[in-house]
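Novice: when you get a sec, could you give me coordinates for this:
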Amino acid sequence: MPSLIDLRRRIRSVKNTQQITKAMKMVSAAKLRRAQDRALAARPYATILQQMLANVAEAASQSDAGEHPLLAVRPENRVLYVTVAADSGLAGGFNTNILKMAQRAADEKRGAGIQIEAIGKKARDYFRRRGYTLRASHVDLYRNLKYEDAEKIAETVIDLFSKGEIDAVYLFGNEFKSVMASRLTGKRLLPIEVPKSSHPVDYIYEQKPEELLGSLLPKYVKLQIYSALLESNAAEHAARMTAMDAATKNASDMIDRLTLYMNRVRQASITREIIEIVSGAAALD
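Specialist: Okay, the predicted model is just below:
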């Protein structure tokens, strides 16, 4: 049976941990508001760009559109996986779920030359420990997330694909849905699969549609990566806030159980001392 001193020390330790988890929850809640606003604000632009791309692709001739290097479909002998995770943990299954999803996809193409473009320290460390080839890693982007960060990554990926050094690019990340949940997403980024236009628009073109399509395709890739970073950032703060809230509640429950147990131990100790005093007094009589 642990002593009262041990129990008090353990209760004090749990209370200190509870203060930390409560502070982390409040910090994530504050950061979530801004990250959520940025992620939601980018969605309408992405939707409009996708519709515009579909309309322009429909106007462009099929042969001309197919000549663009970002539309070239090749056998997937060399595949690049762009995996978006976080720089830190303590966010429940946020990192683990998306990294395992990317690993399963990579394992399905073991015969191909697999490379990883890791975004976030957790993605870098995860695939490095498992012996995957890291083409590049990008850490500490979320401290001051800018469009230029996604643009640099996209330009490198586009250049590799255009030169034929890789045959396909897949993008994995977490999409923000609500504070309580996020959605794992995995999709082919390159070659681009031009979406079909549901509501065609008869544009008046100052330049040839195929030329306009050629300028829209790189913007589309850049926006996909930037949107993935924004969505992942918002989903990370939501997951961490939820995880720290659960940890704070669990700490409260543990403190209550330890306090109850400590009171029982103290009561048993007092009862034992009273019995010893009474027994000693009875022996003197």
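
Novice: can I assume residue 115 is in contact with residue 77?
Specialist: No. Between residue 115 and residue 77 there is no contact under Cβ atoms under 8 Å: 11.8 Å. (C-beta placed from N, C-alpha, C; glycine too.)

Novice: who's more crowded, those two?
Specialist: Taking other Cβ atoms under 10 Å, residue 115 and residue 77 do not tie; residue 115 has more neighbours (21 against 12).

Novice: surely that one forms part of a helix?
Specialist: No. Per DSSP: H, G, I helix; E, B strand; the rest coil, residue 115 lies outside any helix segment and is strand.

Novice: got a list of what it touches?
Specialist: 78-81, 132-135, 166 (Cβ atoms under 8 Å, 6 or more residues apart in numbering).

Novice: in strands, which of those residues fall?
Specialist: Judged by DSSP state E, those include 78-81, 133-135 as members of strands.

Novice: buried among these? Make that a ChimeraX selection.
Specialist: Under the burial definition 16 or more other Cβ atoms under 10 Å, those of the ones in strands among the contacts of residue 115 that qualify are selected in ChimeraX by:
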select :78,79,80,81,135
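
Novice: now distance to residue 104 and pLDDT too, for the ones in strands among the contacts of residue 115, in TSV please.
Specialist: Listed next are those as TSV, based on distance: Cβ to Cβ, whole Å; pLDDT from 0 to 100:
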residue	distance to residue 104	pLDDT
78	19	90
79	14	92
80	16	92
81	11	94
133	17	88
134	18	90
135	19	91
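
Novice: from the ones in strands among the contacts of residue 115, which is closest to residue 269?
Specialist: residue 134 (58.6 Å; Cβ to Cβ).

Novice: so that closest one touches residue 123, yeah?
Specialist: No. Using Cβ under 8 Å, residue 134 makes no contact with residue 123, being 9.2 Å away.

Novice: what do those two both touch?
Specialist: Joint contacts of residue 134 and residue 123 (Cβ under 8 Å, 6+ apart) are residue 116.

Novice: contacts for stretch 154-169, please.
Specialist: For stretch 154-169, using Cβ under 8 Å, 6+ apart, the contacting residues are 69-70, 74-82, 115, 117, 136, 188-191, 218, 221-222, 224-226.

Novice: buried set for that stretch?
Specialist: Neighbour-count burial for stretch 154-169 [16+ other Cβ under 10 Å]: 154, 157-158, 160-161, 166-169.

Novice: what does stretch 21-34 give?
Specialist: Applying 16+ other Cβ under 10 Å to stretch 21-34 flags 21-22, 24-25, 28-29, 31-32 as buried.

Novice: save the contacts of residue 115 as TSV, and put in distance to residue 40 too.
Specialist: Listed next are those as TSV, based on distance: Cβ to Cβ, whole Å:
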residue	distance to residue 40
78	36
79	31
80	29
81	27
132	33
133	36
134	32
135	31
166	32
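
Novice: and the one helix or strand residue 36 maps to, what does it pack onto?
Specialist: For residue 36, the enclosing helix or strand under DSSP states H and E is helix 4-59. On a contact count with 3 or more Cβ pairs under 8 Å, 6 or more residues apart in numbering; DSSP states H and E, helix 4-59 meets helix 209-284.

Novice: specify the angle between the helix it packs on and helix 4-59 in degrees.
Specialist: 170 degrees (axes from the mean of the first three to the mean of the last three Cα atoms, to 10 degrees).

Novice: what packs against helix 209-284?
Specialist: Using 3+ Cβ pairs under 8 Å, 6+ apart, helix 209-284 is in contact with helix 4-59, helix 62-66, strand 78-84, helix 94-107, helix 147-162, strand 168-176, strand 182-190.

Novice: as TSV, the ones you listed with distance to residue 272 would be great.
Specialist: Formatted as TSV, the helices and strands packed on helix 209-284 follow (distance: least, Cβ to Cβ, whole Å):
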stretch	distance to residue 272
helix 4-59	13
helix 62-66	88
strand 78-84	60
helix 94-107	49
helix 147-162	66
strand 168-176	56
strand 182-190	54
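
Novice: what about residue 275, how many residues close to it?
Specialist: Neighbour tally, residue 275, other Cβ under 10 Å: 10.

Novice: just the buried ones from the contacts of stretch 154-169?
Specialist: So, by 16+ other Cβ under 10 Å, the buried ones in the contacts of stretch 154-169 are 70, 78-82, 115, 117, 189-191, 218, 221-222, 224-226.

Novice: least trustworthy helix or strand in this structure by mean pLDDT?
Specialist: helix 62-66 (a mean of 46; mean pLDDT, DSSP states H and E).

Novice: noted, bye for now.
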